[in-house]
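Engineer: sequence first, then the predicted structure, then my questions.
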Amino acid sequence: MSAVWRSEQVLHLPTFWKGLPPGSELKRELAQPVEYAARWMVPARLLALGLMLIVHDAVGYGMLTLVGAGVSGWWMRLLTGRARDARDVWARSMYCRVCPAAFVAV
């Protein structure tokens, strides 16, 4: 059985999602991806601790702590970017009421 495509059957996903009733199962399934809240205090504290260790002649431990600060900062940035990209894709997505399927408009 084939369905004839009509423009009123394909909707912008965020607009379609906002129009759904609060208790709808689709409201949960098609929800916008969660925003990642980066906790920059961890890399900042590691950076401060590393500098303090270097100043107090524990250079090896200080350098290791600075590497940990860099890696944790990189990881936070990576997770934040991935969450932002997922939210951008969701904002560009379309929803077909016939299929029913969500897809990204190119």
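Structural biologist: Good, I have the coordinates.
Engineer: can you pull the contacts of the closest residue to residue 65 other than its chain neighbours?
Structural biologist: Spatial nearest neighbour of residue 65, chain neighbours left out: residue 50 (3.5 Å); criterion: Cβ to Cβ, 6 or more residues apart in numbering. For glycine as for every other residue, the C-beta is placed from the backbone atoms N, C-alpha and C. By Cβ atoms under 8 Å, 6 or more residues apart in numbering, the contact set of residue 50 is 62, 63, 64, 65, 66, 68, 69.
Engineer: quick one: buried ones out of those?
Structural biologist: Among these, those buried by neighbour count (16 or more other Cβ atoms under 10 Å) are 62, 65, 66, 68, 69.
Engineer: after the helix or strand where the fourth one lies, next one along is what?
Structural biologist: The reference is to residue 68. Element membership for residue 68, per DSSP states H and E: helix 59-92. For helix 59-92, the succeeding helix or strand toward the C-terminus, using DSSP H and E, is strand 93-96.
Engineer: name the residue most distant from the centre of the protein?
Structural biologist: residue 57 (40.3 Å; Cα atoms, centre = their mean).
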